[in-house]
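A.B. asks: from the sequence below, what's the structure:
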Amino acid sequence: DAWRVREAAAQTVAGLGAVALPAVPALTKLLADSSYSVRRAAKDAIVKLGKGRVIVHLGALAGPSVAELTLKLKYKDWHIPVAAAWGLGQAAGATVVALPELERNISDSNAEVRLVTVQTVGALGALAAPAIPALAKTLLDGEAAVRSATRVALRRFAESVRGAQAQASPRICRHTRSLQHDKATEREEAAQALGRLGSESTHAVAALALALLDEEPMVSQTAASAFDQLQREGVLGQPSDASSAPVVATLLERLQDQNWAVRLAAAEALANLTVVAARCFSKLHYRTDYDDSEHVRKAGNLLLRRLRKAGALVDAEQVVDQILPELLEVLAVGDPEVRNVAYEALRGLWFADLLGDLTGANIFDAGMHGTWGCNIDGGGDSNSELDEASDACRSVSTGH
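C.D. replies: Numbers count the residues shown, from 1 in each chain. Model prediction:
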């Protein structure tokens, strides 16, 4: 009955609130557990923590789970790879953008590399949480352009996580209000207190990020120390290197699986991750090609080479070309719930401007009316599996 222990653990974590943050990677691994009951409990726990704004961004927190989820993509029982694919689509964001490599380049000796890296991290929104301590140091950079880009990045991060403060405890609310106090000493004390409160301060990261921009150096430095403390306690997340978990390559392999539900789950996960990567790297590609400064263009090219070597998904179009046939084919399936999985994946790609001229708005009308050819069981699955696989796609994180 070991599965009952894991199920109970997931249910317990769900009720812990912010205290549960260090357990999120272990909880995410359970999304692809061998037991359906455990998978369901893990998903419910993550949903509950997300609704409570405890999890700032699952992709930032769940890095240590990515390698195990990637391995489970190869399990023979199709429920497991379907569940693992869903988990990776939600949790592997920091991995596919090679956030650890971006963090390393924030402190590069070349000013232009630091500049384009900070600008790239700024495009990540809440996913940038693990990199905030590194960004805080560039507020003191010797180059004005780098300092300015850092301030923009921190404001964008704060804006993306601001809603979390709505769920804060009275104590956290009191300290976040004190960060706006007229007296610098009050602001400094509030930042110190938030650093000491550890995981409870997850609801104050937006206010703390803005405190990094305080005109009083002691307040800014104290806020930076608070972020260092939150990082040590696992509140900000711990992304894994893409090279240690070949997420994209393994998901692409699953597009050739005999089971259509596995193929669809892999395509959906790749679509989600491609959107994340494109939002991160689109402006980097633009600067590399069109920036007025030759030095910036060279720095952008250097950063792109480093990111590719680190395993980042910097060439989104190549992945889109491989997942489009699967998603378009599924649009013709009679089951509306299964079709909706493909529809939402395509919708995300469309709004991320990743479909280009190949398809436009008409793709959705065409697909929803079944005008695309489809052979849903062409991989060898029997039609009797349709209902069960449909359930898997409706709640694919459980793999049931």
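A.B. asks: avg pLDDT for stretch 181-189?
C.D. replies: The average pLDDT within stretch 181-189 is 95.
A.B. asks: quick one: contacts of it?
C.D. replies: The contact list for stretch 181-189 (Cβ atoms under 8 Å, 6 or more residues apart in numbering) reads 178, 179, 180, 190, 211, 214, 216, 218, 219, 222. In short, each C-beta sits where N, CA and C put it, glycine included.
A.B. asks: just how off-centre is that stretch within its chain?
C.D. replies: How far stretch 181-189 lies from its chain's middle: 34 Å, per Cα atoms, centre = their mean, to the nearest Å.
A.B. asks: got the phi and psi for residue 97?
C.D. replies: phi -100, psi 0 (degrees, to the nearest 10).
A.B. asks: measure it to residue 63 for me?
C.D. replies: 11 Å (Cβ to Cβ, to the nearest Å).
A.B. asks: out of the two, which sits in the busier spot?
C.D. replies: residue 97 (31 against 27; other Cβ atoms under 10 Å).
A.B. asks: what residues are up against the more buried one?
C.D. replies: Contacts of residue 97 (Cβ under 8 Å, 6+ apart): 124, 127, 276, 277, 280, 281, 307, 312, 313.
A.B. asks: ok, 6 Å please
C.D. replies: Residue 97 makes contact with 277, 280, 312, according to Cβ atoms under 6 Å, 6 or more residues apart in numbering.
A.B. asks: then residue 138?
C.D. replies: 118, 146, 150 are the contacts of residue 138 under Cβ under 6 Å, 6+ apart.
A.B. asks: before we move on, the earlier item: by neighbours, which of the contacts of residue 97 wins?
C.D. replies: Among the contacts of residue 97, the one with the most neighbours (other Cβ under 10 Å) is residue 280, at 29 neighbours.
A.B. asks: out of the contacts of residue 138, who's nearest residue 33?
C.D. replies: residue 118 (38.8 Å; Cβ to Cβ).
A.B. asks: need the contact list for the closest one.
C.D. replies: Contacts of residue 118 by Cβ under 6 Å, 6+ apart are 138, 149, 150, 153.
A.B. asks: mind checking which of the residues you listed land in helices?
C.D. replies: 149, 150, 153 (DSSP state H).
A.B. asks: phi, psi of the spatially most distant residue from the centre of the chain?
C.D. replies: Of all residues in the chain, residue 183 has its C-alpha farthest from the mean position, at 37.2 Å, by Cα atoms, centre = their mean. Phi and psi for residue 183, reported as degrees, to the nearest 10, are phi -90, psi 130.
A.B. asks: next, count neighbours for residue 317.
C.D. replies: Residue 317, neighbours per other Cβ under 10 Å, totals 12.
A.B. asks: now do residue 123
C.D. replies: 18.
A.B. asks: who touches residue 330 in this structure?
C.D. replies: 264, 342.
A.B. asks: returning to what we had before: need the contacts of residue 118 in JSON lines with pLDDT, can you?
C.D. replies: Formatted as JSON lines, the contacts of residue 118 follow (pLDDT from 0 to 100):
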{"residue": "138", "pLDDT": "96"}
{"residue": "149", "pLDDT": "97"}
{"residue": "150", "pLDDT": "97"}
{"residue": "153", "pLDDT": "96"}
